[in-house]
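Engineer: Here is my input; please provide its structure:
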Amino acid sequence: MQRNDEMKLGLFLIQAGYNEGAWRDPSVPANGGVDIDHYAHLAALAQGAAFHFVFLADSPSVAEQDHANIARVSRNDGFEPITLLSALSSRTPDIGLVATATTTYNEPYHLARMFASLDHLSRGRAGWNIVTSGFKFEAPNFGENELPDHRTRYARAREFVHVVEGLWDTWEDDAFIRNKQSGIYADTAKLHLINHRGNYLSVRGPLNIARPPQGYPVLVQAGASDVGVRFAAEFGEVVFTAEPSLENGKRYYSALKEQARALGREDNQVLVMPGLVPIVGKTRQEASEKLQRLQSYTTMDAQIGVADRFLGFVTDLRSLNLDSLVPETLPQTNFMQSRQEVLLNLAARHQFTWRQLIRLVADSRGHLMVVGTPDEIADAMVNTFDQRAADGFNVLPATVPGGLHDFVELVVPELRRRGKFRSRYSGQTLRENLGLKRPFNQFRRG
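Structural biologist: Numbers count the residues shown, from 1 in each chain. Predicted coordinates:
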């Protein structure tokens, strides 16, 4: 099957907005991270515009390394994703609900059970963003001094996903007959223990909840390193990327689809959705002024803190001449290797100084940022889509709810006018709305 001519859209849910200074904007709720009504309002805006899903990032740690940075960021009082999306499932009948959970510091049984529960609660709208832990301060929260090395994290993740899929399959779809007359609740001929013993995990099963309505919740991934791309090609049904360059985006898209085809997968079952930071104005000047105002809210300490994190803590930015050019290479990080590469490539293409790169990271973290009118933002999206660098976008509003409202009210109608985005939901489950097949039960006979 070929992809249709309509792009997919997700909303990256974040308490204040994607810009580092967003929480200081007067229009942004200061306590949004712990306000269920704030998140429900954002989900309702996205659902009203027929977005395919909302997406919650996560790290089980405070990511900043000193109190000066911790004091100035807004992301350290947010809900745990599965908890929040479970609450939102009762307030949203249509939109997909994608939660991030790490394979490094969780157990497969826990996540299989929680995501199956979310899929049942939402009647088939759950998605799992599969990550390996990539922030240095996660390890000490789980009894370790350092993260396992990058390849080891991915090797565990691969085994982890196979185990979770096996747990979701341990009950066949019709195993729970619940027959009051016979007294038989479950047909145990349709129960399958996984009895897994591997290099990293040992799990017997079975799972104590029925198979998820979607078979498996939609599997989302964000791998862009070599090992990450291989992982995404094997498991990812939606692949969230950071790539501001059209040419690099086209190469990534082509390489990922080629690797997926080599594994027997169809192109339209692997959806590439890069991040997009839209700064929308009725004029380009208005959009530029919005960005400048947000930039004025962000101190250099806060900017350096986020740049340190996304470059992988490999250099002391405070000791550098910030007006010198960024070097072509830095020491390889054990943390987010692909994001470090994206940022260094971006700096090389534009001959950025450290100050310019640090500013960009605070604004967009290396995602595609478009500052302009609705027509200009739609142009960039449609061009990226038509050039086969994306199947859609994960929208990262600079502020919420204002930035999301601008996108929904001004950009979405322009996309629809061009025939590039839908006006209503086409299915009941997230899989149906994304055009993804429901997986067969691996243990079913015949």
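
Engineer: residues in contact with the residue lying closest to residue 276 once chain neighbours are set aside?
Structural biologist: Using CB to CB, 6 or more residues apart in numbering and skipping the chain neighbours, the partner closest in space to residue 276 is residue 393 (4.3 Å). Heads up, the C-betas are built off the backbone N, CA and C, glycines and all. Residue 393 makes contacts with 7, 8, 9, 10, 273, 274, 275, 276, 381, 384, as judged by CB atoms under 8 Å, 6 or more residues apart in numbering.

Engineer: Identify the bridge partners of the fourth one.
Structural biologist: Applying DSSP bridges to residue 10 gives these bridge partners: residue 53, residue 394.

Engineer: nearest to residue 319, of the contacts of residue 393?
Structural biologist: Within those, the smallest distance to residue 319 is 30.3 Å, found for residue 275 (CB to CB).

Engineer: Kindly export whichever helix in the chain runs longest (C-alpha atoms) in PDB.
Structural biologist: Assignment by DSSP state H gives helix 150-168 as the longest helix of the chain. Provided in PDB are the C-alpha atoms of helix 150-168 (Å, rounded to 0.1, in the frame of the first residue of the first chain):
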ATOM      1  CA  HIS A 150      24.700   3.000  24.400                       C
ATOM      2  CA  ARG A 151      24.800  -0.400  22.600                       C
ATOM      3  CA  THR A 152      24.000  -2.300  25.800                       C
ATOM      4  CA  ARG A 153      21.000  -0.100  26.400                       C
ATOM      5  CA  TYR A 154      19.700  -0.800  22.900                       C
ATOM      6  CA  ALA A 155      20.400  -4.600  23.200                       C
ATOM      7  CA  ARG A 156      18.300  -4.700  26.400                       C
ATOM      8  CA  ALA A 157      15.600  -2.600  24.700                       C
ATOM      9  CA  ARG A 158      15.300  -5.100  21.800                       C
ATOM     10  CA  GLU A 159      14.900  -8.000  24.200                       C
ATOM     11  CA  PHE A 160      12.600  -5.900  26.300                       C
ATOM     12  CA  VAL A 161      10.200  -5.100  23.400                       C
ATOM     13  CA  HIS A 162      10.000  -8.800  22.400                       C
ATOM     14  CA  VAL A 163       9.100  -9.700  25.900                       C
ATOM     15  CA  VAL A 164       6.400  -7.000  26.200                       C
ATOM     16  CA  GLU A 165       4.900  -8.200  22.800                       C
ATOM     17  CA  GLY A 166       4.900 -11.700  24.100                       C
ATOM     18  CA  LEU A 167       3.100 -10.700  27.300                       C
ATOM     19  CA  TRP A 168       0.500  -8.800  25.300                       C
END
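
Engineer: Let me see the mean pLDDT of that helix.
Structural biologist: Computed over helix 150-168, the mean pLDDT rounds to 97.

Engineer: likewise stretch 82-89?
Structural biologist: Per-residue scores along stretch 82-89 average to 98.

Engineer: Identify the residues contacting that stretch?
Structural biologist: The contact list for stretch 82-89 (CB under 8 Å, 6+ apart) reads 36, 39-40, 43, 54, 56, 97-99, 101, 114-115, 117-118, 121-122, 125-126.

Engineer: can you check stretch 22-41 too?
Structural biologist: 13, 15-17, 74-75, 77-79, 84, 87-88, 91-92, 293-294, 297, 398-402.

Engineer: Also stretch 238-245?
Structural biologist: Contacts to stretch 238-245, defined as CB under 8 Å, 6+ apart, come from residues 8, 10, 55, 98, 127, 129, 218-224, 232, 249, 252, 256, 270-275, 338-339, 342, 345-346, 349, 364-369, 389, 394, 434.

Engineer: switch to 6 Å and redo it
Structural biologist: 220-222, 224, 232, 249, 271-275, 342, 366-368, 394 (CB atoms under 6 Å, 6 or more residues apart in numbering).

Engineer: Kindly report the same for stretch 10-17.
Structural biologist: 22-23, 28, 32-33, 46, 51-56, 74, 78, 394-400, 403.

Engineer: Dig out what residue 271 forms beta bridges with.
Structural biologist: Beta bridges link residue 271 to residue 238, judged by DSSP bridges.

Engineer: My read is that it contacts residue 385, right?
Structural biologist: No: with contact defined as CB atoms under 6 Å, residue 271 does not count as touching residue 385 (11.5 Å).

Engineer: where along the stretch 201-350 of the chain do the strands fall?
Structural biologist: 202-203, 218-221, 238-241, 271-280 (DSSP state E, counting those that start in this stretch).

Engineer: Phi, psi for the closest residue to residue 179 other than its chain neighbours please.
Structural biologist: With sequence-adjacent residues excluded and distances taken as CB to CB, 6+ apart, residue 179 is closest to residue 185, at 7.5 Å. Phi and psi for residue 185, reported as degrees, to the nearest 10, are phi -90, psi -40.

Engineer: What count of nearby residues applies to residue 185?
Structural biologist: Other residues near residue 185 come to 12 when the count uses other CB atoms under 10 Å.

Engineer: cool, the one 5 residues further on as well?
Structural biologist: By the other CB under 10 Å criterion, the neighbourhood of residue 190 contains 19 residues.

Engineer: which residues does it contact?
Structural biologist: Residues in contact with residue 190 (CB under 6 Å, 6+ apart) are 172, 175.

Engineer: all numbers from here: first residue = 690
Structural biologist: Got it, the first residue is 690 from now on, which makes the last one we talked about residue 879.

Engineer: Distance check, it against residue 903.
Structural biologist: Per CB to CB, to the nearest Å, residue 879 is found 18 Å from residue 903.

Engineer: measure residue 804 to residue 816 for me?
Structural biologist: Computed as CB to CB, the residue 804 to residue 816 distance reads 8 Å.

Engineer: What separation is there between residue 835 and residue 697?
Structural biologist: Per CB to CB, residue 835 is found 37 Å from residue 697.

Engineer: And these two? Which one has more around it.
Structural biologist: Taking other CB under 10 Å, residue 835 and residue 697 do not tie; residue 697 has more neighbours (24 against 9).

Engineer: For that one, give me the pLDDT.
Structural biologist: Per-residue pLDDT puts residue 697 at 98.

Engineer: cool, and the one 4 residues further on?
Structural biologist: In this prediction, residue 701 carries a pLDDT score of 97.

Engineer: What of residue 947?
Structural biologist: 97.

Engineer: Check residue 1135 too.
Structural biologist: So residue 1135 comes in at 58 (pLDDT).

Engineer: low-confidence ranges in the protein?
Structural biologist: Within the chain, the stretches with pLDDT under 70 are 690-691, 1024, 1135.

Engineer: Distance check, residue 955 against residue 1117.
Structural biologist: From residue 955 across to residue 1117, the span is 22 Å (CB to CB).

Engineer: Residue 997 now?
Structural biologist: Counting by CB to CB, the gap from residue 997 to residue 1117 is 44 Å.
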